[in-house]
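[1] return atomic coordinates for the entry below.
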Amino acid sequence: MHWPAAAAAQASVPLARQRFFSEGLRPDGQVPDALWQSWQRCLQAGLRPEQLPEFQAVSRSKVNYLAARDHVLLRAARRPFDELQAAVARSAAKVLLTDRDGVLLRVSPPTLQDTPVLATGCRVGVNLGELMVGTTAPTLAAHLGRSCVLGAHEHFYELLGDVHCAAAPIRNRHGDVVGVLDLSIEAQPFGFDAQWLVQAYANTIENNLRIAQTRQQVLVRLHSSATALQTGNAGLAAVDECGRVSWLNAMAAALVGVNHADARQFKAEELLGCSLEQVLARTLARSPQPLLLPNGLTVWMLAEYRDLGDGEEDEPQGEAGLPLPVQTGPAIDATGDEAGASAATLAQLSRQLIEQTLAQCQGNVSQAARRLGVSRGLLYRRLRNGR
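    So this is what the prediction gives:
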């Protein structure tokens, strides 16, 4: 959602604010509806704009609790957060990562440029939720489910009148908002398109998170360009052991032509034109393969089987993960036979891949594990459990 950006629109905010808080006049057309509705909720909660927001003290035990509770999200955000932080380091903007309720999970380190407000409020564990510190970009983004920006005088509290923020929500593989990425700066507007920037990095975190949460499924990468499959712009989808698409991101949804929220209604064959066996067969390819989608669009595809992991099952394995090896012979029947697809589960087919790789390596478990991109311990457990 884009808030008014023109100077004339920004100039109308103080007047609309004064009329709303002093006279109770609804500022229709002067500020976005979601903004004044947030102001209204704050008033109903007993907050007053002239009061000072309370940025509560945070104990070490709470910081440790948040790090343990949200470790999957924090791991998924680690590299994108660092990259965004480096990109804006000379701009005096701070990068914030919150949970869905507005509690800060990670913040840019303090600097000598920090204003008193940002220095006090931007600490891990501080709750930036609406009922704690009034209208904020993270809570609005989580509430709306889309990116937003707050400019001068748009925060609820007068003390935050010079703070500018841009925020974008982060969703898990089920489509639920679990966090928000935010850029904040005080005493000056952003000198760049902060909303676009924060949305781009939020998308990357979201992709990392969904990849980390995909286990015992096939992760599929799609793009019209083969060279873009390993970038944050790739379409991502997961196929479960029943051959259904369990989730896909917005890029994949755009390519196959469906709403990503409706992904679970479809089987892989309906969206990708591939049966479960054909999807599994493509995990054997090291290089991107062309794929003709049912909608007539030809894209490039990489497929990777995501197992349970080996002690770090929640850790994203890089931006791309490790593709499974090229098969020298016809390993899996990729005829698309529906009876075969119903009978063979994903776990059974993955065991077949393990056995075939072991045969290629003359029974050498270490070599087979390296080719499959897993540890020897995981390979031994899969063989011992008969899966």
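
[2] where does this protein have low pLDDT?
    Along the chain, the parts satisfying pLDDT under 70 run over 1-11, 308-350, 373-374, 380-387.

[3] dump the residue contacts of the residue nearest the centre of it.
    The centre of the chain sits closest to E206, judged by Cα atoms, centre = their mean, with a distance of 0.9 Å. Counting by Cβ atoms under 8 Å, 6 or more residues apart in numbering, E206 touches 76, 170-171, 249. Where C-beta positions appear, they are placed from N, C-alpha and C, glycine not excepted.

[4] Three-state assignment for it, please.
    Using DSSP: H, G, I helix; E, B strand; the rest coil, the structure places E206 in helix.

[5] what about stretch 210-225, distance to the chain center?
    Put simply, stretch 210-225 sits 13 Å off its chain's centre (Cα atoms, centre = their mean, to the nearest Å).

[6] burial check on V72, number of neighbours?
    Neighbours of V72 under the rule other Cβ atoms under 10 Å: 18.

[7] I211 is in contact with that one, correct?
    No - proximity of V72 to I211 does not meet the contact threshold set by Cβ atoms under 8 Å, at 10.9 Å.

[8] C-alpha coordinates for stretch 41-51, CSV please?
    The C-alpha coordinates for stretch 41-51 follow below in CSV (Å, rounded to 0.1, in the frame of the first residue of the first chain):
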residue,chain,number,x,y,z
ARG,A,41,-7.9,2.2,17.9
CYS,A,42,-5.1,3.9,19.9
LEU,A,43,-7.6,6.4,21.4
GLN,A,44,-10.0,3.6,22.3
ALA,A,45,-7.2,1.9,24.1
GLY,A,46,-6.7,5.0,26.3
LEU,A,47,-3.6,6.3,24.6
ARG,A,48,-3.1,10.1,24.1
PRO,A,49,-0.9,11.6,21.3
GLU,A,50,0.6,14.2,23.6
GLN,A,51,1.9,11.5,26.0
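
[9] please identify the buried residues of it?
    41-43, 47, 49 (16 or more other Cβ atoms under 10 Å).

[10] turn the residues you listed into JSON lines, including secondary structure and distance to P27.
    Conversion of those to JSON lines gives the following (DSSP: H, G, I helix; E, B strand; the rest coil; distance: Cβ to Cβ, whole Å):
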{"residue": "R41", "secondary structure": "helix", "distance to P27": "15"}
{"residue": "C42", "secondary structure": "helix", "distance to P27": "15"}
{"residue": "L43", "secondary structure": "helix", "distance to P27": "13"}
{"residue": "L47", "secondary structure": "coil", "distance to P27": "18"}
{"residue": "P49", "secondary structure": "coil", "distance to P27": "14"}
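
[11] now the strands for the stretch 101-250 of the chain?
    Taking DSSP state E, counting those that start in this stretch as the test, the strands found in the stretch 101-250 of the chain are 104-107, 148-150, 163-171, 177-186, 217-223, 235-239, 245-248.

[12] identify the residues contacting the residue nearest to A237 when sequence neighbours are not counted.
    Nearest in space to A237, with sequence neighbours left out and distances taken as Cβ to Cβ, 6 or more residues apart in numbering, is L248 at 3.8 Å. Applying Cβ under 8 Å, 6+ apart to L248 gives the contacts 235-238, 256, 260, 263, 271.

[13] most neighbours, which of these?
    Going by other Cβ under 10 Å, A237 tops the contacts of L248 with 31 neighbours.

[14] what's the distance between it and W300?
    Noted for A237: a distance of 14 Å to W300, by Cβ to Cβ, to the nearest Å.

[15] list residues touching both of these two?
    L222.

[16] what's the local residue count around D82?
    Applying other Cβ under 10 Å, we find 11 residues neighbouring D82.

[17] which SSE is immediately downstream of whichever strand or helix holds it?
    Using DSSP states H and E, the element containing D82 is helix 71-87. Heading C-terminal from helix 71-87, the first helix or strand you meet, by DSSP H and E, is strand 94-99.

[18] given that following strand, what are its sheet partners and their directions?
    Strand 94-99 has the following sheet partners, assigned by DSSP bridges: strand 104-107 (antiparallel), strand 177-186 (antiparallel).

[19] sorry, back to before: quick one: which of the strands of the stretch 101-250 of the chain is nearest L84?
    strand 177-186 (7.7 Å; Cβ to Cβ).

[20] which phi and psi does G134 have?
    phi 80, psi -160 (degrees, to the nearest 10).

[21] roughly how far does the spatially closest residue to it that is not a sequence neighbour sit from V163?
    Once flanking residues are discounted, G134 sits nearest to F156: 2.9 Å by Cβ to Cβ, 6+ apart. Distance check for F156 against V163: by Cβ to Cβ, it reads 11 Å.

[22] repeat that for S22.
    In terms of Cβ to Cβ, S22 sits 22 Å off from V163.

[23] these two: which has the busier surroundings?
    The residue with more neighbours, out of S22 and V163, is V163; 23 against 9, by other Cβ under 10 Å.

[24] can you tell me the closest non-neighbouring residue to that one?
    Leaving aside its sequence neighbours, V163 sits nearest to E186 (Cβ to Cβ, 6+ apart; 4.9 Å).

[25] what about that neighbour, neighbour count?
    By the criterion of other Cβ under 10 Å, E186 has 21 neighbours.
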